[in-house]
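[1] how does the following fold in three dimensions:
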Amino acid sequence: MKAYHLHGDAGVGSLVRADVTKPEPAKGEVRIRVEAASLNYRDLLTLDAAGQGGLNGRVPLSDGAGVVDAVGSDVTQWHVGDRVAASFFRDWISGPFKSGYVASAHGGRTLDGLLTEYVVLPATALVAVPEHLSVMEAATLPCAAVTAWHGLITRGGLSKGDTLLVQGTGGVALFGLQFAVALGARVIVISSSNAKLDRAKALGASILINYRDTTDWDVAVMKATDGQGASHILELGGPATYDRSIRSVASGGKIVQIGVLTGFGPKPDLARLQWENADIIGVTVGSVEHFAAMNRFLAEHAIHPIVDSTYGFDDVPDAYADLRAGSHFGKVVVKL
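    Below is the predicted model of the structure:
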């Protein structure tokens, strides 16, 4: 079978195609014929760190979906032909997060990812693809969608009548938008592109702010909400956006901290959170249980992921370049 490995220096030059032996499932394992994989911002960070300890030779990408090709002994919940997606954390099945789960993230420093024609995983690390979704759509779910679900719904308690502020129009942002609209919440979207804002409006966003034209977007958020602010904020930017997020949150509101799109830098002033009795919810993806619950919601509301662009297996470097350019609206997918 064919797979991509990370080798050598940082950047797309480290992506190397290789012919490797097709793996065989052992007891409790399932072999999946991967039909699609998708990229996340984390994959750019991993690519840029290629050549460092634990990454040389690693198969990248955390997100993928396909069809069960073979099952090991003692596997009863999956059968050949089932459509499945792999959970981001192989070992986080349910319950509270534990730091030990970090090492079980696919496509990271300790575990191979899904940019391969076949992969063997524990039967417990899989979820069924919702019937209304294609496998390519399902490949977008493990990281971005589960992150938005876990942060906004499971822990954030987003519900009808709430106001969600979404930063940008990438994967996590659009899943958050779609979940909020399905629940009956109001959505504010900030973006540097009027064209993207128009597309966000078509998905149900009601307050649109171009942050290049309106640099004090936190002031615009407060004005648009009659001084109340947003009850929930998907904080995706990091140092360059965090202070404005704090100034935009409503009393008793929740900032779901996820992203580092502007890098790593100075820490924000958290004093306002105390006076407004607001919370910060730190989120790193979610469990298999979260994934399954989210899939039920997707099916109930007939929600389809937004796929921006699709690349063939031979064009993986172009897919990475597309993601890095930041012009995408939704997810970048590789079709195997």
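[2] what are the phi and psi values at the residue positioned nearest the centre of the chain?
    When Cα atoms, centre = their mean is applied to the chain, the residue found nearest the centroid is Ala144 (1.3 Å). The phi and psi torsions at Ala144 (degrees, to the nearest 10) take the values phi -60, psi -50.
[3] which one is it nearest to, not counting chain neighbours?
    Gly171 (3.3 Å; Cβ to Cβ, 6 or more residues apart in numbering). All C-beta atoms are positioned from the backbone trio N, CA, C, and that covers glycine.
[4] likewise Lys331?
    Lys331's closest residue in space is Thr140 (Cβ to Cβ, 6+ apart), at 4.1 Å.
[5] Gly107 too?
    Gly113 (2.6 Å).
[6] can you map out the helices along the chain?
    Taking DSSP state H as the criterion, the chain contains helices spanning 41-48, 135-138, 146-148, 171-183, 194-202, 217-224, 239-248, 271-275, 288-301, 316-325.
[7] save those helices as CSV, and put in mean pLDDT too.
    Below are the helices of the chain laid out as CSV (pLDDT from 0 to 100):
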stretch, mean pLDDT
helix 41-48, 91
helix 135-138, 98
helix 146-148, 98
helix 171-183, 97
helix 194-202, 98
helix 217-224, 98
helix 239-248, 91
helix 271-275, 88
helix 288-301, 98
helix 316-325, 95
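[8] of these, flag the one that's most buried.
    Burial of those is given as mean neighbour count (mean count of other Cβ atoms under 10 Å); helix 146-148 ranks first at a mean of 29.
[9] which phi and psi does Gly156 have?
    With angles defined as degrees, to the nearest 10, Gly156 sits at phi -90, psi -20.
[10] go ahead and confirm it touches Gly253.
    No. In this structure, Gly156 is not within contact of Gly253 by Cβ atoms under 8 Å, at 9.5 Å.
[11] what's the overlap in contacts for these two?
    By the contact definition Cβ atoms under 8 Å, 6 or more residues apart in numbering, Gly156 and Gly253 are jointly contacted by His232.
[12] output the below-cut-off pLDDT ranges for this protein.
    Applying pLDDT under 70 to the chain flags residues 10, 53-54, 260-266.
[13] please redo it, this time with the cut-off set to 50
    Within the chain, the segments meeting pLDDT under 50 span 261-263.
[14] what residues of stretch 94-104 count as buried?
    Of the residues in stretch 94-104, 97, 101, 104 count as buried by neighbour count, 16 or more other Cβ atoms under 10 Å.
[15] what sits against the last one?
    Contacts of Ser104 were listed using Cβ under 8 Å, 6+ apart, and they are 89-92, 110-111.
[16] over to the second one?
    Applying Cβ under 8 Å, 6+ apart, we find Tyr101 in contact with 89, 91-92.
[17] go ahead and confirm Gly108 touches Ala49.
    No. Taking Cβ under 8 Å as the definition, Gly108 is not a contact partner of Ala49, at 10.1 Å.
[18] show me the contacts for the spatially closest residue to Ile246 that is not a sequence neighbour.
    Using Cβ to Cβ, 6+ apart and skipping the chain neighbours, the partner closest in space to Ile246 is Arg272 (5.2 Å). Arg272 makes contacts with 246-247, 249, 278, as judged by Cβ under 8 Å, 6+ apart.
[19] what do you get for Val34?
    Neighbouring residues of Val34 by Cβ under 8 Å, 6+ apart: 64-66, 114, 116-119, 336.
[20] in strands only, show me these.
    Of the contacts of Val34, the ones assigned to strands by DSSP state E are 64-66, 118-119.
[21] mind putting these into a markdown table with neighbour count and distance to Gly282?
    Compiled in a markdown table, the ones in strands among the contacts of Val34 are given as follows (neighbours: other Cβ atoms under 10 Å; distance: Cβ to Cβ, whole Å):
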| residue | neighbour count | distance to Gly282 |
| --- | --- | --- |
| Gly64 | 30 | 26 |
| Ala65 | 28 | 27 |
| Gly66 | 26 | 31 |
| Tyr118 | 20 | 35 |
| Val119 | 25 | 29 |
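[22] identify the farthest-apart pair in the residues you listed.
    Ala65 and Tyr118 (13.2 Å; Cβ to Cβ).
[23] domain parsing for the chain?
    2-143+305-335, 156-282 (automatic domain parsing).
[24] Phe297: which of those is closest?
    When those are compared by Cβ to Cβ, domain 156-282 sits nearest Phe297, at 7.4 Å.
[25] wait, doesn't Val16 sit right on Asp9?
    No. Applying Cβ under 8 Å, one finds Val16 not in contact with Asp9, separated by 11.5 Å.
[26] who's more crowded, those two?
    Val16 (13 against 8; other Cβ atoms under 10 Å).
[27] Provide a list of residues in contact with the residue lying closest to the more buried one once chain neighbours are set aside.
    Nearest non-adjacent residue to Val16, counting by Cβ to Cβ, 6+ apart: His7, 4.7 Å away. Shown in contact with His7 (Cβ under 8 Å, 6+ apart): 14, 16, 50-51, 56-57.
[28] pull out the buried members of those residues.
    14, 50.
[29] distance check, Pro157 against Asp308.
    Wrong residue type there; residue 157 is Gly, not Pro. The span separating Gly157 from Asp308 equals 30 Å under the rule Cβ to Cβ, to the nearest Å.
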